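**Student:** pasted the sequence and its predicted model underneath.
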Amino acid sequence: MQDTLMLSKDFLQLTLDNPVSLAAPFEFTLGQHTQVSVWDTGVIAFEPLSKTDAQTKSIVLSSAVHGNETAPIELCNQLITALLSETLIAAHRVLFLIGNPPAILNGTRFVEENLNRLFSGAHSRGEGLINAERLRAQKLEQYVDRFFNAAPQGGDRFHYDLHTAIRASKHEKFAIYPYPHGEPYSGEQIMFLAACGIKTVLFHHEPTTTFSYFSAHGYQAHAFTIELGKVMPMGQNDMTRFIAVKEMLTRLVSGRDLELGEFDASQVNLYQVNRSINKQFDDFSFTFADDVENFTAFPKGYILAKDGGTEIKVEAESESIVFPNANVPVGQRTVLCLVPAKDYRLV
Ligand SMILES: O=C(O)CCC(=O)N[C@@H](CCC(=O)O)C(=O)O
Ligand SMILES: [Zn+2]
């Protein structure tokens, strides 16, 4: 396995050749500087061999939590190849997670169940560990736990969970800030996102069973779900659209100066989730077309959707919609309704 990987330097190919599991975990060193550990299919850690201290960051970069969201997979694989080729040297601990390899091969968001609704123990609730996605969610939690628990005392933790959206968006790149339970938002992280070209941030209003909330709430990580554009088939992404995010992740991993300015609200669009509309009945439909973009605003009273016999109307003066998807199981989110963020606290 190690030879296969070092000959090709293509961790994604190794992962797709072994979508369910590897014969065994393996590890090796690169030069005199980096310990590389492959814990499972799609799971690879890079750790500096030099003594780590409180300045050492622990960074999780996940992709393919949804199998058809290919740009983040290509981007992460480029970073992994650079690390394996030693053109990029990790100054901090980095864990890459390729979330759902069978769904990548399938070219679909998921195979049986949406992986990004199965974290914080949701994988084991209800019917329990009945499918591959539930088992993978449990394992991904264990890998994050192992990685963050081995972090140096006092070292900052980060988790950027990289996605692309089903629809086009008025703001092409945006991040979801998991519900912080009353803690302030990080102005520095918002400026880091802006430097990545992610200039729109949504503050979530409640706990969720997403991967980013798991790391934020369970491990006090700076964690985000990040949408980098619109879903495209593998190989058809215009990678020039990700130059800024690749540059900033490269700087972060290699310990170069991030050159972030002070928090400046004029550089970003900040929204807060006003409500999440969860599906109550199988007979659910939106009143607007499939090509209506994320962040389209609707006026108060506008009928957004019909759920069984109930009309769902805009409640605030204006609400902007994001992630509308009628094709979800009863009980799950069909759309988030946003209003401009106000009265938020920053640190
Ligand atoms: O475009 C869509 O409708 C979905 C894109 C996507 O996968 N978004 C994430 C957001 C997770 C979060 O709220 O933090 C998801 O739905 O899992
Ligand atoms: Zn996604």
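**Tutor:** Cool, the structure landed. Ligands and ions are numbered 1, 2, ... in the order given.

**Student:** mind telling me which residue of the stretch 151-300 of the chain is nearest ligand 2?
**Tutor:** Minimum separation of the stretch 151-300 of the chain from ligand 2 (Cβ to the ion) falls at residue 163, amounting to 3.3 Å. The C-beta positions use only the backbone N, C-alpha and C, and glycine is treated the same way.

**Student:** the residue lying closest to residue 91 once chain neighbours are set aside: neighbour count?
**Tutor:** Distance criterion Cβ to Cβ, 6 or more residues apart in numbering; nearest residue to residue 91, sequence neighbours excluded, is residue 255 at 2.9 Å. Look at residue 255: counted by other Cβ atoms under 10 Å, it has 15 neighbours.

**Student:** pretty sure residue 255 sits against residue 94.
**Tutor:** No - using Cβ atoms under 8 Å as the test, residue 255 is too far from residue 94 to be in contact (11.1 Å).

**Student:** just confirm residue 14 is within a helix.
**Tutor:** Yes - under DSSP: H, G, I helix; E, B strand; the rest coil, residue 14 falls within a helix.

**Student:** so the residue nearest to it when sequence neighbours are not counted, which of the three states?
**Tutor:** Distances taken as Cβ to Cβ, 6+ apart place residue 5 nearest to residue 14, at 5.3 Å, with adjacent residues excluded. Three-state call for residue 5 (three-state DSSP): helix.

**Student:** show me what contacts the residue in the chain sticking out farthest from the centre?
**Tutor:** Taking Cα atoms, centre = their mean, the residue of the chain most remote from its mean C-alpha position is residue 309, at 34.9 Å. Residues counted as contacts of residue 309 (Cβ atoms under 8 Å, 6 or more residues apart in numbering): none.

**Student:** only the buried residues of stretch 5-16, if you could.
**Tutor:** Within stretch 5-16, the residues scored as buried using 16 or more other Cβ atoms under 10 Å are 5, 9-12, 14-16.

**Student:** and the spatially closest residue to residue 333 that is not a sequence neighbour, what helix or strand is that in?
**Tutor:** Excluding its sequence neighbours, the residue lying closest to residue 333 (Cβ to Cβ, 6+ apart) is residue 276, at 5.0 Å. For residue 276, the host element (DSSP states H and E) is strand 269-278.

**Student:** give me the mean pLDDT for that strand.
**Tutor:** What strand 269-278 shows for mean pLDDT is 98.

**Student:** off-centre distance for that strand?
**Tutor:** Counting by Cα atoms, centre = their mean, to the nearest Å, strand 269-278 is centred 18 Å from the centre of its parent chain.

**Student:** strands paired with that strand, and their directions?
**Tutor:** Strand pairing for strand 269-278, using DSSP bridges, gives strand 200-203 (parallel), strand 333-340 (antiparallel).
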